[in-house]
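Engineer: sequence and computational prediction follow.
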Amino acid sequence: LEVSATSLGTKLVDATIGVVSEHGDLIDDFGLASGNPTAITTEDASIVDNSHYITDSLLLGDLTLASPWQPFTYVNAGVAAGVQTLADVFNKPSLLVADTGAELLGSTPAPGRRVQLPWGSAGFDINALNSDGLTIMQRALEWAEMPASVTVPLLFVVADASSLGSKESATKALFESWGYAVTAITASTSQADYDTALAGVEVVYITGTISSADLGSKLAAATVGVVSEDSGTLDDMGMAEPVLVKRNTQFINIVDNTHYVTSGLSLGDLAIVSSSIAIWTASGALAPGLQVLGETQVSGTGYPPGVAVMETGATLWGGGSAAGRRVQVPWSQGDSSFDISMLTADGLDIMQRALQWGAGAGETPQQILLVVADATSLTAQDTARKTLMEGWGYGVKVISASDSQANFDGAVAGADAASVVMQDSSTALGTT
């Protein structure tokens with residue numbers, strides 16, 4: 001059962017919420033490109049732009065997105081002037097995005113964010129997407145439901161804010177490319193200065209270049225999220241007792257991918273850096289409220305935490321409750337074996353999602369409007385998509401493509417983004 005372009009029609013064309021579509025026949029309705037795309041059976045796409053949120057954790061070049069081979073689509077005719085191509089299939093535009101206000105066909109500004117995914121021709125199986133394919137889908141939804149041009153203030157704890165080292169400068173530039181407004185603060189500055197700085201930010205990142213003795217417990221009472229790469233802060237933040245062990249590895253073992261930080265990653269071994277680095281991590285008692293998402297990997301010697309999180313209110317090591325969200329990541333720029341350029345796409349994804357979660361992502365479930373052929377009788381593919389989105393923390397409301405414009409308007413008013421599957425009729429949808 002497919003959602004035909006005739007059923008959906010233009011019912012979502014004027015929607016001010018973001019719309020993510022798998023349905024190639026809707027690219028002209030949404031003004032992204034002319035005509036209908038070509039369907040092709042493959043498993044790969046080529047990332048041609050990784051400066052965008054959807055692809056910024058992926059490397060440029062060919063990337064396998066599904067297995068076994070699945071129906072993908074690419075655009076033959078002209079892409080609108082304001083549309084950005086993030087990935088090609090057979091050297092033709094396939095993954096397309098348009099930000100709010102971008103110029104669509106006919107010089108019309110986009111009323112909301114739009115994403116055309118590279119898969120979704122008839123017969124596509126959503127269960128065939130691998131971790132990279134799922135990352136693109138998840139980040140497409142995240143980008144679609146984000147307010148446009150949001151800048152998140154971030155406090156960056158460094159050795160000397162008046163003279164950043166090369167590693168600190170590279171990290172600051174990376175954060176700024178992700179849309180953060182970064183303010184550096186010296187680890188040894190006073191508690192009063194920290195209290196003032198914390199009042200104006202949403203998340204803190206502690207770099208491993210500092211001395212944890214200089215920082216001490218100045219961030220322990222912070223109600224904003226704190227992400228740290230310095231294992232010396234584990235006891236000060238109440239995450240674990242100060243008994244550490246060093247691992248030389250490039251892998252962690254993902255043991256929990258139900259959390260926002262590791263969502264979209266497969267369980268098991270994961271290369272987070274391009275070659276082995278020294279990872280210092282806790283080997284003593286852990287806080288009762290600490291949730292280990294990934295363990296360090298060194299054969300035969302146990303598996304202490306690699307990536308670990310604490311939710312606000314979680315029980316600390318030594319007693320008390322966490323004042324805000326906490327994340328410990330496994331790398332440290334204080335070690336000569338590591339710099340930020342060594343992070344793989346998955347390592348960068350963990351870093352970025354740690355910051356997002358620290359800043360409040362996932363606290364209030366965002367609502368996705370899932371457009372299907374028949375909301376009263378979901379297909380297995382519809383159900384798989386709904387389950388996937390709910391697993392990512394979304395609230396999902398389903399609506400039939402052939403439903404009325406009035407019902408679409410009401411549903412759009414209560415949603416943060418819409419997703420249109422291929423198993424629908426785009427004609428029934430119209431121009432909601």
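Structural biologist: Yes, it's here.

Engineer: low-confidence ranges in this structure?
Structural biologist: Residue ranges of the chain with pLDDT under 70: 1-5, 148-150, 297-303, 362-364, 422-432.

Engineer: give me the element the residue most central in space within it is part of.
Structural biologist: The geometric centre of the chain, computed from its C-alpha atoms, lies nearest to Arg139 (Cα atoms, centre = their mean), at 4.9 Å. Taking DSSP states H and E as the criterion, Arg139 maps to helix 131-145.

Engineer: hey, where'd the helices end up in the chain?
Structural biologist: Using DSSP state H, the helices found in the chain span residues 5-8, 131-145, 166-177, 191-198, 212-215, 345-358, 380-391, 405-413, 426-429.

Engineer: returning to that earlier point: check contacts around the closest residue to the residue nearest to the centre of the chain other than its chain neighbours.
Structural biologist: The shortest distance from Arg139 to any non-neighbouring residue, by Cβ to Cβ, 6 or more residues apart in numbering, is to Ile54 (4.6 Å). All C-beta spots, glycine's among them, are computed from the backbone N, C-alpha and C. By Cβ atoms under 8 Å, 6 or more residues apart in numbering, the residues touching Ile54 are Leu86, Leu95, Val97, Val115, Ile136, Arg139, Ala140, Trp143.

Engineer: count of residues packed around the closest residue to the second one other than its chain neighbours?
Structural biologist: Among residues not flanking Leu95 along the chain, Ala87 sits closest, at 3.7 Å (Cβ to Cβ, 6+ apart). Residue crowding around Ala87 was assessed by other Cβ atoms under 10 Å; the count is 27.

Engineer: tell me the bridge partners for Ala87.
Structural biologist: In this structure, Ala87 bridges to Ile47, Leu95 when assessed by DSSP bridges.

Engineer: kindly report the same for Arg114.
Structural biologist: When bridges are taken as DSSP bridges, the partners of Arg114 come out as Val19, Ala98.

Engineer: just to revisit the earlier point, out of the contacts of Ile54, grab the one that's most surrounded.
Structural biologist: Counting neighbours by other Cβ under 10 Å, Leu95 comes out on top of the contacts of Ile54 with 28 neighbours.

Engineer: before we move on, back to that, the helix holding Arg139 packs against which elements?
Structural biologist: Packing contacts for helix 131-145, counted by 3 or more Cβ pairs under 8 Å, 6 or more residues apart in numbering; DSSP states H and E, involve strand 18-21, strand 92-98, strand 114-116, helix 380-391, strand 417-420.

Engineer: now those in a markdown table, with distance to Tyr194?
Structural biologist: Compiled in a markdown table, the helices and strands packed on helix 131-145 are given as follows (distance: least, Cβ to Cβ, whole Å):
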| stretch | distance to Tyr194 |
| --- | --- |
| strand 18-21 | 37 |
| strand 92-98 | 39 |
| strand 114-116 | 40 |
| helix 380-391 | 37 |
| strand 417-420 | 37 |
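
Engineer: and of those, who's closest to Val182?
Structural biologist: Counting by Cβ to Cβ, Val182 lies closest to strand 92-98 out of the helices and strands packed on helix 131-145; the figure is 25.0 Å.

Engineer: that closest one to helix 131-145, inter-axis angle?
Structural biologist: Here strand 92-98 runs at an angle of 30 degrees relative to helix 131-145 (axes from the mean of the first three to the mean of the last three Cα atoms, to 10 degrees).

Engineer: same for strand 92-98, what does it pack against?
Structural biologist: If contacts are counted by 3+ Cβ pairs under 8 Å, 6+ apart, strand 92-98 sits against strand 70-74, strand 84-89, strand 114-116, helix 131-145.

Engineer: any idea which of these is most buried?
Structural biologist: Mean neighbour counts were taken over the helices and strands packed on strand 92-98 using mean count of other Cβ atoms under 10 Å, and the top value, a mean of 29, falls to strand 114-116.
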